[in-house]
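Participant: Below is the sequence, then the predicted model.
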Amino acid sequence: MRWLRAGERKTNPQATELSQLKEGLRHVTEKLESSEGELAEALEQQTATSEILRVIASSPTDIQPVLDAVVESAARLCNATDGLIARINGNVLIPGVAKYGSMPVPEARPLSYGTPVGRAIIDRETVHVHDLKSEVETEFPHSKPRQAISGARTLLTTPLLPKGRAFGAIVIRRNEVRPFSVKQIELLRTFADQTVIAIENVRLFQEIQEKSPELETANERLKELDRLKSDFVSNVSHELRTPLTAIKGAVDLLLREVLGPVNENQTHHLSRVRSNTQHLAGLINDLLDLAKIEEGKVELKGVRVSVAGLLHEVMETVKPLAAEKLVLLEVKVPEPSVLVWANRDKVTQVLMNLIGNAIKFTLSGGTVAVSTANDCKGWVRVSIRDAVPGIPMSEQEKIFEKLYQVTQDGSPKPKGTGLGWLSPNHS
């Protein structure tokens, strides 16, 4: 048995446990109430943000509805007495282009570092003044008459800087000394960012409207130039066909010996002339079909072609060019000749370009060698080799650009248009 001293009470374990449960329940209740408050606040902010975005989307040409919605939401959600948006016009600050609340709006005055709004715009930073009345004699002397009229005590302002240029600032004020919280400062910056988006949208829309007539005129001019180009190519192609038909007719008369007998060597060269005349006629026909060329709908019809026969035909054509430059031509085609499925005219054109350029850039006494190889997987490779330096790695991505020509080590630009031109020493 334990005796109690005078004034000592007997401890009740059940009462202690009940007291602890009540204390725990109180903490839980406080946390739930705090969480509910935070959720409600977050929901209200999200709703306000969505509403501003809706106004931005519905006002692509008018910034005023956005400014009104932003200043109202900013003042209300930050528990400010009022809010306003000031805008710069030259060197003048115009307060009240958008307004919420009943506090007086200052009159327009020159932009000054001696006011919170002016400082925010000039420094491009948010300015938070805990008690404006106590700082008008030191930090913000130019705000003294304005503060006396409005009665503002606590003030928060952040600049509006679309594309880095000063548009103005958004301001929220309280008529009592009660600084804004960190969350409220961040919220005001968020509203400023949304305002900047709206300002840029309106500016871009207005620029598009202003430039639309210019773009329309330029588009019409391009259409006219395109029509002139098509007419020019059509006329040139038509004019080329007339003398080409005459050449073909004359060659046919010579080959049929209507004008007198020709020997074997003459027959050989006349046959080459006729073959190249036919190839040129095909190229002219392609030029006449501009619509398909411009739309990328040129149809390439394949036929079975003898690689050896095609190469010998091309080499016969370029022989005069090689003889003029004293360049030796070599052709190495394995027997029997391989048949490939290809468009004869286009492959001939490619080979003529490649071999012709190899001859063009090979020095006198050099050699241009043409060979083929079958990979036994359905593909045949044609290689053209010479002793000319190849294409530098830095130039290889550019050689297919129209009118582009590669130069070597500062040497003069090669003669020619640059159309279809490739450096020699390639496969």
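Facilitator: Structure's in. What do you need? Numbering: from 1, shown residues only.
Participant: When you work out contacts or count neighbours from here on, use the C-alpha atoms and nothing else.
Facilitator: Fine.
Participant: any weak-confidence spans in the stretch 151-300 of the chain?
Facilitator: 234, 237-238, 241-242, 286-298 (pLDDT under 70).
Participant: Strands of that one, residue ranges please.
Facilitator: Using DSSP state E, counting those that start in this stretch, the strands of the stretch 151-300 of the chain run over 154-160, 168-174.
Participant: Using JSON lines, please lay out those together with mean neighbour count.
Facilitator: Putting the strands of the stretch 151-300 of the chain into JSON lines (neighbours: other C-alpha atoms under 10 Å) gives the following:
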{"stretch": "strand 154-160", "mean neighbour count": "26"}
{"stretch": "strand 168-174", "mean neighbour count": "27"}
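Participant: Figure out which of the ones you listed is closest to N89.
Facilitator: Closest to N89 of those is strand 168-174 (C-alpha to C-alpha; 8.9 Å).
Participant: Now do the closest one: distance to the chain's middle.
Facilitator: Offset of strand 168-174 from its chain centre (C-alpha atoms, centre = their mean, to the nearest Å): 37 Å.
Participant: any idea of the angle that strand forms with strand 154-160?
Facilitator: 160 degrees (axes from the mean of the first three to the mean of the last three C-alpha atoms, to 10 degrees).
Participant: which residues are contacting strand 168-174?
Facilitator: Residues outside strand 168-174 that contact it (C-alpha atoms under 8 Å, 6 or more residues apart in numbering) are 71, 74-75, 80-88, 93, 117, 120-121, 152-161, 192.
Participant: ok so, going back, please name whichever of the strands of the stretch 151-300 of the chain is nearest to K319.
Facilitator: Short answer: strand 154-160, nearest of the strands of the stretch 151-300 of the chain by C-alpha to C-alpha, at 74.0 Å.
Participant: Show me the contact partners of the closest one.
Facilitator: So strand 154-160 is contacted by 116-117, 120-121, 124-132, 166-180, 185, 188-189, 192-193, 195-196 (C-alpha under 8 Å, 6+ apart).
Participant: Would you list the buried entries among these?
Facilitator: 116-117, 120-121, 124, 126-132, 167-177, 179-180, 185, 188-189, 192-193, 195-196 (16 or more other C-alpha atoms under 10 Å).
Participant: Which members of these occur in helices, if any?
Facilitator: 116-117, 120-121, 185, 188-189, 192-193, 195-196 (DSSP state H).
Participant: can you put the residues you listed in a markdown table and add distance to V350?
Facilitator: Conversion of those to a markdown table gives the following (distance: C-alpha to C-alpha, whole Å):
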| residue | distance to V350 |
| --- | --- |
| P116 | 73 |
| V117 | 70 |
| A120 | 67 |
| I121 | 64 |
| I185 | 69 |
| L188 | 66 |
| R189 | 63 |
| A192 | 61 |
| D193 | 58 |
| T195 | 59 |
| V196 | 56 |
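Participant: List just the nearest of those to A323.
Facilitator: V196 (72.2 Å).
Participant: just checking, the closest one touches L161?
Facilitator: Yes. Between V196 and L161 there is a contact under C-alpha atoms under 8 Å: 6.5 Å.
Participant: coming back round to it: quick one: the strands of the stretch 151-300 of the chain as TSV, columns for distance to P145 too.
Facilitator: Supplementary listing: the strands of the stretch 151-300 of the chain in TSV, determined by distance: least, C-alpha to C-alpha, whole Å:
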stretch	distance to P145
strand 154-160	15
strand 168-174	16
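Participant: what's the closest of the ones in helices among the buried ones among the contacts of strand 154-160 to V66?
Facilitator: Nearest to V66 among these, with distances taken as C-alpha to C-alpha, is T195, at 7.0 Å.
Participant: ok, now how distant is the closest one from P106?
Facilitator: Look at T195 and P106: by C-alpha to C-alpha, to the nearest Å, they are 22 Å apart.
Participant: cool, and V350?
Facilitator: For V350, the distance to P106 - C-alpha to C-alpha - is 78 Å.
Participant: Of the two, give the one with the bigger neighbour count.
Facilitator: The neighbour comparison of V350 against P106 (other C-alpha atoms under 10 Å) goes to P106, with 16 against 12.
Participant: Roughly how far does that one sit from H142?
Facilitator: 12 Å.
Participant: Check S371 too.
Facilitator: 88 Å.
Participant: How about D62?
Facilitator: From D62 to H142 the distance is 33 Å (C-alpha to C-alpha).
Participant: what's the answer for S383, then?
Facilitator: Distance from S383 to H142, by C-alpha to C-alpha: 83 Å.
Participant: any idea of the mean pLDDT for stretch 116-123?
Facilitator: Averaged over stretch 116-123, pLDDT sits at 93.
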